[in-house]
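S.K.: Please find the sequence and the predicted model below.
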Amino acid sequence: MSAGYDIVIVGGGIAGGALAATLARGGVSVAVLERDHEPVDRVRGEFMALWGVSELEKLGLRAVLEAGGGIYSQRNVPYDENTPGEQALAYALVYKQLVPDVPGALCMSHPAMCSALCDAAEGAGATVLRGVEDIQVSAGRPPSIGFRHERRALSWRPRLIVGADGRNSRLRQQLGITLLADPPHNLLGGMLVEGVPEWPQDTQVIGTEGRTHFLIFPQGGDRVRLYVCYDFADKALYAGAGRQRKLVETFAGLTCLPHAAAIAQCRPIGPFNAFSNEDHWTQDPTVAGVVLIGDAAGHNDPIVGQGLSIALRDVRLVSEILLDGWRDRDAFRPYVEERGERMRRLRIAARLATTLRAEFGEVARQRRAKVQKRLRVDKMPSPLAAVMLGPDRLPADHFAPATLDALLAP
């Protein structure tokens, strides 16, 4: 049977909710099928780079997330064992100086973001079904989708199915779309805490000390999200019932970080989860009648926090194709090609970031110091600027092997 929907989106997260809101505002009949009854804190997707905020603005959804509690980090201070304490202030990156028309990098609870976007989609006329189970998809013209909802078995044949069901996408697996990946190299874990009123809510931090790469993102009020990136050899330190306490102890012991003592007094208010750190990508996230977006289509190494920005660029490109009256799979070719090059460039940036931030010991510290000087003083070209500005804003030679060799030269 058909429920009369032109487009069915599987997944009500950031990508799915944003696409549904955009299409519904454009007059498209769209339904969203979401597994969870309520958004869940999965310890990911709470930082949106400047180019992602620009995409959000182009989609007309910035006000939605601001009203839902989003705040803006306006600077990054690189507290690090090479630039501890006040020394780091001289190298603070002020976002307004990079992109004057963007208020900063958006920081927001992932569950709150999902809720706000799905609410906007429903408000624009989309249907959002929660608690959906046993989704089965078949490609074709038209495709078909079967699922269970509220104890009923349903089967629809929309014009298009969009897979936005995350990193472990069942749709991608069912359709046989190959997911390529780099080897895992680190673990990245995070936790939401409160009780840190001393933390300046306009400031985020990315640094390395000892055997820890650490990140701090403001979440409003007295809340911050703490992340650590660590070697597989240190996995046992952050495992078991004491992992929340160990994470707080790690931050409390950072000598390069102001407010470390304040963080020591924080209260965990969310789970601590850790994931392996590597890139995953698809050569072509489309088959007949189906297109994948967001993490379902492949995701960048989270060490550089590009997931939300990638998802919103996907949403903009795919929505423009759909609202322009697409006919078949070939209409998505510009999206496939742009995404492939975008992910390739971000993969290069993430690999460099991993080398600099998540390799530990004295040799790694000295290498990081040399590269920091080359970037800050010598102004050498680098792919790392793509993380904030967007991969399409840099010349191609910034991603060339010769550029990386020059940066990392002994």
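M.R.: Happy to help now that I have it. Residues are numbered from 1 along each chain as shown.
S.K.: Skipping its backbone neighbours, what lies nearest Ala261 in space?
M.R.: Ala252 (6.9 Å; Cβ to Cβ, 6 or more residues apart in numbering). (C-beta placed from N, C-alpha, C; glycine too.)
S.K.: State the distance from that neighbour to Phe214.
M.R.: 11 Å (Cβ to Cβ, to the nearest Å).
S.K.: Are there residues contacting both of these two? Which ones?
M.R.: Counting by Cβ atoms under 8 Å, 6 or more residues apart in numbering, Ala252 and Phe214 have no common neighbour.
S.K.: For the lowest-mean-pLDDT helix or strand in the chain, which strands pair with it and how are they oriented?
M.R.: The weakest-scoring helix or strand in the chain, judged by mean pLDDT, DSSP states H and E, is strand 273-277 (a mean of 91). Here strand 273-277 is paired, per DSSP bridges, with strand 186-194 (antiparallel).
S.K.: more neighbours, Ala252 and Phe214?
M.R.: Phe214 (24 against 15; other Cβ atoms under 10 Å).
S.K.: quick one, phi/psi of the more buried one?
M.R.: phi -130, psi 150 (degrees, to the nearest 10).
S.K.: One more: Arg223?
M.R.: Torsion angles, degrees, to the nearest 10, at Arg223: phi -100, psi 140.
S.K.: returning to that earlier point: tell me the first helix or strand C-terminal of the least confident helix or strand of the chain.
M.R.: Sequence-wise, the next helix or strand downstream of strand 273-277 (DSSP states H and E) is strand 280-281.
S.K.: Name every strand pairing with the helix or strand just after that following strand and say which way it goes.
M.R.: The first helix or strand that comes after strand 280-281 along the chain, using DSSP H and E, is strand 286-287. Pairing partners of strand 286-287, with direction, according to DSSP bridges: strand 290-292 (antiparallel).
S.K.: Tell me the helix or strand right after the partner strand.
M.R.: Assigned by DSSP H and E, the successor of strand 290-292 is helix 307-323.
S.K.: what distance separates that next one from the centre of its chain?
M.R.: Centroid separation between helix 307-323 and its chain, computed with Cα atoms, centre = their mean, to the nearest Å, is 14 Å.
S.K.: hmm, who's touching it?
M.R.: 7, 14-15, 18-19, 22-23, 26, 28, 44-45, 47-49, 51-52, 55-56, 58-59, 106, 160, 162, 291, 293-295, 297, 299-300, 331-332, 334-335, 338-339, 342-343, 346, 390.
S.K.: Please repeat the previous calculation with a cut-off of 7 Å.
M.R.: Under the criterion Cβ atoms under 7 Å, 6 or more residues apart in numbering, residues 7, 14-15, 18-19, 22-23, 26, 28, 44-45, 47-49, 51-52, 55-56, 58-59, 291, 293-295, 297, 299-300, 331-332, 335, 338-339, 342 lie in contact with helix 307-323.
S.K.: Just the buried residues of the residues you listed.
M.R.: Buried subset of the contacts of helix 307-323 (neighbour count, 16 or more other Cβ atoms under 10 Å): 7, 14-15, 18-19, 22-23, 28, 44-45, 47-49, 51-52, 55-56, 59, 291, 293-295, 297, 299-300, 331-332, 335, 339, 342.
S.K.: Keep only those of those residues that are in strands.
M.R.: Counting by DSSP state E, the buried ones among the contacts of helix 307-323 place Ile7, Phe47, Met48, Val291 in strands.
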